[in-house]
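Undergrad: what shape does this take:
(2 chains)
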Amino acid sequence: MKIKRETIYGYLFILPWLIGFLGLVLYPMIQSFYYSMNDMRITPSGLQFVYAGFNNYLNVWLQDMFFIQELLAFAVDTFIRVPVIVVFALIIAMLLNQEIKFKGLFRTIFFLPVIVASGPVINQLVDQGATAIPMLDQDIIMGVLNSIFPSFFAGVISDLFNQIITILWYSGVQILLFLASLQKIDPNLYEAAKIDGGSNWECFWKITLPTIKPLILINLVYTLVSLANSGQNPIIELIYSNMFNATRGYGFASAMAWMYAVIIGIMLIIIYFVFKEKEPKRYR
Amino acid sequence: MSTKSATSLGGVLKNSEMSFRDKAEIIKQKMQRFLFGFNDRTGFLLKFTIYLLLLCIGFVYLYPILYMFVTSMQSLSDLLDMAINWIPSSLYLDNYRQAYTVLNVRPALLGSIQIALFPTLIQVAISSIVGYGFARFEFPLKKLWFGLMIFSFIIPPQILMMPTYRLFSELGLTGSLSAFTIPALLGQGLNSTIFILIFYQFFKQTPKSLYEAAEVDGANQLVSFFKIAIPMAIPAFIVAFLFSFVWYWNETYLTTLYLTSSSTDITTILLQLQQFETNYQALYPATEASPNRINEGIKMAGTVISILPLLIIYFFLQRYFVESVDNTGITGE
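TA: Numbers count the residues shown, from 1 in each chain, chains lettered A, B, ... in the order given. The predicted structure is shown next:
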């Protein structure tokens, strides 16, 4: 059998990752899956295993009263936050990509969240309450919202208001990714479109959006995963506390983490199918 | 633009031959052009909104940093003085002098740069190669590997930490820089998946006909990777470098796990910052005679020192964003 050249090249190029995955990631993953099938204790004399089958997985759903609750809260939260972050980042990136004065200064300012959100500073900011809007009176906003929208919806919106600054802080990476992708658009394209009588609005939908659509997908993935795996996420805290819990133990925490990963995976697949790139039509 | 329209506006008003209605019409048009713009020129209103938005949101980001910076310049008496909020009474750099010694800046900076720079360079190079492989070629099991790569990204890293650590220590990777460089070399560095995805998408956008044309001209795969793919994806390289550098720089959990638990002399600024208070008390013990107490100002000075190098690097790199616009010569794709 003759192997196609393309196959060889493809495997050659992804070879480093493949070795790394098989050598450094797959084994810990299998191990952690094995943990999740066991009742596992970390004792001073070493690790103790008692085979438990899928009991841990059942217990995650049936016995833990916080997991489902937190999961639902997280799902609603993500459903709102992810689109808001991505749309906001896109708008800012487009503004920064325009001919503005002090471009370098502005771009440096909008890089700050990348540095801060991954560093130690963000915790200080959250502690000091600098991530909430100080000057807005919550009660008044709540009252207005309640009178306009049904109460569930009003709650969601006021939640969003509370988080708006946090959302701003977590959108630095996305802004930069969009900015990089906007750089790739040839300015001549806009010029040609303008000559043909296209408005800015049309240019956005016909030129900008198709070019950056792949990056939108990446940003959605990144936003979802970074929200899901951030240390401030209650589910991660739950997993952590179960890890060193006397009655639950590491196996239970592993099972929970695997369940959680599967659910995030399903959310990702949904996002992927909504934003899937359609096969480009070729006019030939 | 405003002065120009004002002079011509005056000319229109002085012109006595025109009727009042014509004048009003012209003025209206001029105002409209000024406010909403015409053709390529953006209108004043739009510009105003852009700057307003950028300034407001920029202020949100800038505020804590400014606060940090200002606080780091204040002496103890300034900090206690309720009247002094933003402008210190004098230029006070003593906080920085103390933070500099407490942070142990010279070895820590060296360690930080080592830990951030080498894995980053390796990671960016490897991610681009792997991303190219995924983007350019079709091969069996590609979807499976791609899916596994993404799944390895979404599984909470906290739960893999212990088995990974055990594996790494068995392989003898812990306790040295190779705990970071080897995974980066094998495409498993910090958030490697997102970099591979970025490169994947950027390389995918390059028109296939470019590669085909190069191959017709006799270029092999390596040549078309270096001569076509890389120049088209410069912005991706810049962002990947920046993110990777920042993330490695700010990483404290892994550095503590891999470096401090075994005896090494590599230390980073962020690790030093974590132990800031204890280090401070060891260096400046509080005695009856000299009330050496750590205060906000000194802590903030330490934090400013820890993020300053990143800002400088970014400021110099961001200009390449603009210069890397590519002109492919192939249109209609």
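Undergrad: so what pLDDT did residue 149 get?
TA: In the absence of a named chain, chain A is used. Reported pLDDT at A:Phe149 in the predicted model: 68.
Undergrad: hmm, no, I was thinking of chain B.
TA: pLDDT at B:Met149 comes out at 91.
Undergrad: could you measure it against B:Leu283, distance?
TA: 46 Å (CB to CB, to the nearest Å). (C-beta placed from N, C-alpha, C; glycine too.)
Undergrad: neighbour count winner among those two?
TA: Between B:Met149 and B:Leu283, counted using other CB atoms under 10 Å in any protein chain shown, B:Met149 has the larger neighbour count: 23 against 12.
Undergrad: same for the helix or strand containing the more buried one, what does it pack against?
TA: Using DSSP states H and E, B:Met149 maps to helix B:142-154. Using 3 or more CB pairs under 8 Å, 6 or more residues apart in numbering or on different chains; DSSP states H and E, the elements in contact with helix B:142-154 are helix A:5-20, helix A:209-229, helix A:249-275, helix B:105-136, helix B:192-205.
Undergrad: which element follows that helix toward the C-terminus?
TA: Moving toward the C-terminus from helix B:142-154, the next helix or strand (DSSP H and E) is helix B:157-171.
Undergrad: now A:Gln232, what's its secondary structure?
TA: The three-state label given to A:Gln232 by DSSP: H, G, I helix; E, B strand; the rest coil is coil.
Undergrad: re earlier: among the helices and strands packed on helix B:142-154, which is the most enclosed?
TA: Across the helices and strands packed on helix B:142-154, the average number of neighbours (mean count of other CB atoms under 10 Å in any protein chain shown) peaks for helix B:192-205, which reaches a mean of 24.
Undergrad: chain center to it: distance?
TA: Relative to its chain's centre, helix B:192-205 lies at 17 Å (CA atoms, centre = their mean, to the nearest Å).
Undergrad: and the helix or strand that it is followed by, which residues are buried?
TA: Once the chain leaves helix B:192-205, the next helix or strand it forms, by DSSP H and E, is helix B:208-216. Of the residues in helix B:208-216, those buried by neighbour count under the rule 16 or more other CB atoms under 10 Å in any protein chain shown are B:210-211, B:214.
Undergrad: make JSON lines out of the residues you listed and add distance to chain A.
TA: As requested, the buried residues of helix B:208-216 are exported to JSON lines (distance: CB to the nearest CB, whole Å):
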{"residue": "B:Leu210", "distance to chain A": "14"}
{"residue": "B:Tyr211", "distance to chain A": "11"}
{"residue": "B:Ala214", "distance to chain A": "14"}
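Undergrad: kindly reformat those residues as TSV containing distance to A:Arg5.
TA: As requested, these are exported to TSV (distance: CB to CB, whole Å):
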residue	distance to A:Arg5
B:Leu210	19
B:Tyr211	14
B:Ala214	15
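Undergrad: any idea how many residues pack against the nearest residue to B:Thr256 once chain neighbours are set aside?
TA: Spatial nearest neighbour of B:Thr256, excluding adjacent residues (CB to CB, 6 or more residues apart in numbering or on different chains): B:Leu271 at 6.8 Å. B:Leu271 is flanked by 21 other residues according to other CB under 10 Å.
Undergrad: shouldn't B:Leu271 be in contact with B:Ala108?
TA: Yes: counting by CB atoms under 8 Å, B:Leu271 does reach B:Ala108; the two are 7.4 Å apart.
Undergrad: re earlier: do you know how far the residue nearest to B:Thr256 is from B:Gly111?
TA: Counting by CB to CB, the gap from B:Leu271 to B:Gly111 is 8 Å.
Undergrad: and what of A:Ala228?
TA: A:Ala228 is 31 Å from B:Gly111, by CB to CB.
Undergrad: please apply the same query to A:Asp39.
TA: Distance, A:Asp39 to B:Gly111, by CB to CB: 41 Å.
Undergrad: check A:Leu22 too.
TA: A:Leu22 is 31 Å from B:Gly111, by CB to CB.
Undergrad: likewise for A:Gly53?
TA: A:Gly53 sits at a distance of 46 Å from B:Gly111 (criterion: CB to CB).
Undergrad: helix or strand: which one has the residue nearest to B:Thr256?
TA: Residue-wise, B:Leu271 maps onto helix B:269-274 under DSSP H and E.
Undergrad: what average pLDDT does that helix get?
TA: In the prediction, helix B:269-274 has an average pLDDT of 81.
Undergrad: low-confidence stretches in the chain?
TA: Here I'm looking at chain A. Scanning chain A for pLDDT under 70 picks out A:1-2, A:42, A:46-47, A:123-143, A:145, A:149-159, A:162, A:246, A:277-284.
Undergrad: ah, no, chain B please
TA: Applying pLDDT under 70 to chain B flags the ranges B:1-17, B:36-42, B:82-85, B:260-264, B:286-294, B:321-333.
Undergrad: what's the domain layout of it?
TA: Per automatic domain parsing, the domain ranges recorded for chain B read B:1-39, B:104-274.
Undergrad: so which residues on the stretch 51-200 of chain A come close to chain B?
TA: Within the stretch 51-200 of chain A, the positions near chain B by CB under 8 Å from any CB of the partner chain are A:92, A:95-96, A:98, A:100, A:103-104, A:106-116, A:118-121, A:124-125, A:130, A:165, A:168-169, A:173, A:176-177, A:179-181, A:183-184, A:186-188, A:194.
Undergrad: in helices, which of those fall?
TA: A:92, A:95-96, A:103-104, A:106-109, A:112-116, A:118, A:121, A:124-125, A:165, A:168-169, A:173, A:176-177, A:179-181, A:183, A:187-188, A:194 (DSSP state H).
Undergrad: any chance of a ChimeraX selection covering the buried ones in the residues you listed?
TA: The following ChimeraX line selects those of these that are buried, judged by 16+ other CB under 10 Å:
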select /A:92,95,96,103,106,107,108,109,112,113,114,115,116,118,121,124,125,165,168,169,173,176,177,179,180,181,183
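Undergrad: how many neighbours does residue 21 have?
TA: The chain I'm using is chain A. A:Phe21 has 21 neighbouring residues, counting by other CB under 10 Å.
Undergrad: if you could check chain B rather than the one you did, that'd help
TA: Neighbour count of B:Arg21, defined by other CB under 10 Å: 8.
Undergrad: B:Ser77 now?
TA: The number of residues packed near B:Ser77 is 10, by other CB under 10 Å.
Undergrad: chain neighbours aside, what residue packs nearest to it?
TA: That would be B:Ser89: by CB to CB, 6+ apart, it lies 7.8 Å from B:Ser77.
Undergrad: in a strand, the one you found, correct?
TA: No: looking at B:Ser89 with three-state DSSP, it is coil, so not inside a strand.
Undergrad: quick check, it in contact with B:Asp78.
TA: Yes: between B:Ser89 and B:Asp78 there is a contact under CB under 8 Å: 5.5 Å.
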